[in-house]
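Asks: build the 3D model from these lines:
(one chain, ligands or ions: 1)
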Amino acid sequence: MTAAAASQLSLVDILAIAAHRDDVEQTCGGTLLKMRSLGLETGILDLTQGEAGTRGSAAERAAEAEAAGRILGVRWRQALDLPDGRVENTWENRLKVAGVIRETRPRVIILPYWKGRHPDHYTASVLGYEACFLAGLAKLDPQTGLSARSAATIESDRLHRDSEKSVVDDGVRAGAPQDSRREAGATPHRPFKIIYATLYYDVRPTFVVDISEQFEGKFASILAYKSQFTDQNAGKDLFPAHDEIHVRVEAMARFYGMLGGVTFAEPFLQKEVGLVDDLLSIPVKSI
Ligand SMILES: [Zn+2]
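Replies: Modelled structure (predicted):
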């Protein structure tokens, strides 16, 4: 199957998964914007809804996430219902994420790096990886966690779960109809590539993406989280004002840009080695 044909069957080409709303904007928003400019479909899965944040309610953050997603041009964005501040790598949570992977069928998944200060971030990394594995298991039904054959015997339970499903669909650009998405959710899918966004942790990336053209768009998507980044008294030590956040975001982008010989970049790590055909076309100057 050609890449174009495969893409037609997928809701998105690239899916970024992160613990909190605004994590994706901060760690790989420029990259998503760039991929969109190349004509690829992108999506974001936030594992939590932000109810434990110092500022703003979950509802405010949902509206902000939708606005940010629109700036980044994503086709699809949802937030799961994992408790904010308590992202756990449980079987049930792995099934929820695996269900999303089957629905959206991305070729590339972006996960948070597996080390970090915030437990939600590093837990989301392992949870995301294991969900990618589960999503590809032919006999697994993510709705029930059972093999397809035994799942058929508890159809009524599945319907019950569906009615309780507490997924927030932000409705960022129209996705596929619910029925076809559910059908797609039953078909195994494993992404071809998993990469890790490392911006939150001091580790040397294995590659960076040049976001020189997308930096301002990335910053605008971060500022869409008005409840987090406006000047107010609550949590002032944690949440710097606009100027300060611009300096920080720009400094990081410039640092990784410098490593790649460009103005602004976002850092990533892949577990696999790089594969090269033509030595003359390897980018990034050595000396
Ligand atoms: Zn976070």
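
Asks: ok and the residue in the stretch 151-287 of the chain nearest the ion?
Replies: Nearest residue of the stretch 151-287 of the chain to the ion (CB to the ion) works out as Tyr200 at 7.5 Å. Where you see a C-beta, it was placed from the backbone N, CA and C, and this is true even at glycine.

Asks: dihedrals phi and psi, that residue?
Replies: Dihedral pair for Tyr200: phi -80, psi -10, per degrees, to the nearest 10.

Asks: doesn't Lys115 make contact with it?
Replies: No - counting by CB atoms under 8 Å, Tyr200 stays clear of Lys115, with 9.1 Å between them.

Asks: who has more neighbours out of those two?
Replies: Neighbours per residue (other CB atoms under 10 Å) separate Tyr200 from Lys115, with Tyr200 holding more: 20 against 14.

Asks: sorry, back to before: the residue nearest to the residue of the stretch 151-287 of the chain closest to the ion when sequence neighbours are not counted is in what secondary structure piece?
Replies: The spatially closest residue to Tyr200, leaving aside those adjacent along the chain, is Gly116, at 5.3 Å (CB to CB, 6 or more residues apart in numbering). Using DSSP states H and E, Gly116 sits in no helix or strand.

Asks: OK, contacts around Gly116?
Replies: Contacts for Gly116 (CB atoms under 8 Å, 6 or more residues apart in numbering) come out as Tyr122, Tyr200, Tyr201.

Asks: the bottom helix or strand of this structure by mean pLDDT?
Replies: When each helix and strand of the chain is scored by mean pLDDT, DSSP states H and E, strand 168-169 comes last, with a mean of 38.

Asks: pull up the residues of the chain that are close to the ion.
Replies: Within the chain, the positions near the ion by CB under 5 Å from the ion are His20, Asp23.

Asks: need the contact list for the residue of the chain found nearest the ion.
Replies: Taking CB to the ion as the measure, the point where the chain comes nearest the ion is His20, at 3.5 Å. Counting by CB under 8 Å, 6+ apart, His20 touches Asp46, Leu47, Thr48, Gly50, Gly53, Asp84, Asp120.

Asks: the third one bridge partners, please.
Replies: Yep, that's Thr48 we're talking about. Going by DSSP bridges, Thr48 is paired in beta bridges with Leu82.

Asks: and it, what is it in contact with?
Replies: Ala19, His20, Arg21, Ala79, Leu80, Asp81, Leu82, Pro83, Asp84, Gly85, Val87, Asp120.

Asks: keep only those of those residues that are in strands.
Replies: Assigned to strands by DSSP state E, the following of these qualify: Ala79, Leu80, Asp81, Leu82.

Asks: dump these to CSV, plus distance to Ile14 and pLDDT.
Replies: Shown next, in CSV, are the ones in strands among the contacts of Thr48 (distance: CB to CB, whole Å; pLDDT from 0 to 100):
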residue, distance to Ile14, pLDDT
Ala79, 18, 97
Leu80, 18, 98
Asp81, 23, 96
Leu82, 22, 97
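
Asks: find the residue ranges of the stretch 151-287 of the chain scoring beneath the pLDDT cut-off.
Replies: In the predicted model, the stretch 151-287 of the chain carries pLDDT under 70 at residues 151-185, 230-240.

Asks: and if we set it to 90?
Replies: Where the stretch 151-287 of the chain drops to pLDDT under 90, the residues are 151-186, 226-244.

Asks: show me where it has strands.
Replies: With DSSP state E, counting those that start in this stretch as the definition, the stretch 151-287 of the chain shows strands at residue ranges 168-169, 193-197, 207-210, 265-269.
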